[in-house]
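Trainee: my questions concern the predicted model and sequence given below.
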Amino acid sequence: MQNIYIHGSHDKKTVSIHTKNIEIQAAMAFGTGHHSTTKSCISIYLNLIKKRYFFNNILDIGCGTGVLSIVASKISKARITAIDKDETAIETTKHNFFKNHISFKSKVLKSSSFNNIHLQKFGKFDLIFANILFLPLKNMVKEVQKNLMSDGLIILSGISFNQAIKIEEIYSGHRFKKIDSFNEDNWMTLVMKKF
């Protein structure tokens, strides 16, 4: 994955100065960076950067270990807000932010979807990662619409091909348009743009 090397602490000796090295300790939280859905999100994000998309304010919903937040922070100067409803995920992400020297302006918050009042302080987001499951992706569409800037993007992942068709329909009904998609190992990742 284009100059990104995700590794555990046991692989520290294999890192190269020619890559952006990200140390992830998964512990009990989801996300080592090697699952198809995570790899797809990272590939799509890197492709957007290559196409000269520029992001200032990124939200990572269901952050797990924080791997997507850390990749985004290493690639751009954006402020990152990572949220998860699971306490173990929050502690794991905080640990991984510290290990990877993530900027103090980036935050980790416990939140189920958008219900943490501190999220309002950060204004509207220009990119949202949501590598979670079909039902929460479906249920949060109105909140995403409200909290994403015009022309902002959401990367939706963790869904099957059939679920992706339904998610695209749901988001299209709330002023979103699909601009890209990626299919790997029967997992789909969609990029939707708010109009």
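Mentor: Received the coordinates, thanks.
Trainee: which element is residue 138 on?
Mentor: helix 134-139 (DSSP states H and E).
Trainee: residue ranges in the protein under the pLDDT threshold?
Mentor: Along the chain, segments meeting pLDDT under 70 span 1-2, 5-15, 17-18, 25-35.
Trainee: mind redoing it with 90?
Mentor: 1-36, 77, 103-104, 112-113, 115, 117-123, 184-186 (pLDDT under 90).
Trainee: ranges for the helices of it?
Mentor: Under the criterion DSSP state H, the chain contains helices at 36-50, 67-75, 87-99, 134-139, 141-147, 161-172.
Trainee: now those as TSV including distance to residue 116?
Mentor: (Glycine included, C-beta is placed from N, CA and C.) Conversion of those to TSV gives the following (distance: least, Cβ to Cβ, whole Å):
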stretch	distance to residue 116
helix 36-50	22
helix 67-75	15
helix 87-99	11
helix 134-139	15
helix 141-147	12
helix 161-172	23
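Trainee: can I get those helices in TSV including mean neighbour count and distance to residue 182?
Mentor: What follows is the helices of the chain, written out as TSV (neighbours: other Cβ atoms under 10 Å; distance: least, Cβ to Cβ, whole Å):
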stretch	mean neighbour count	distance to residue 182
helix 36-50	20	5
helix 67-75	25	14
helix 87-99	19	24
helix 134-139	15	16
helix 141-147	16	19
helix 161-172	16	10
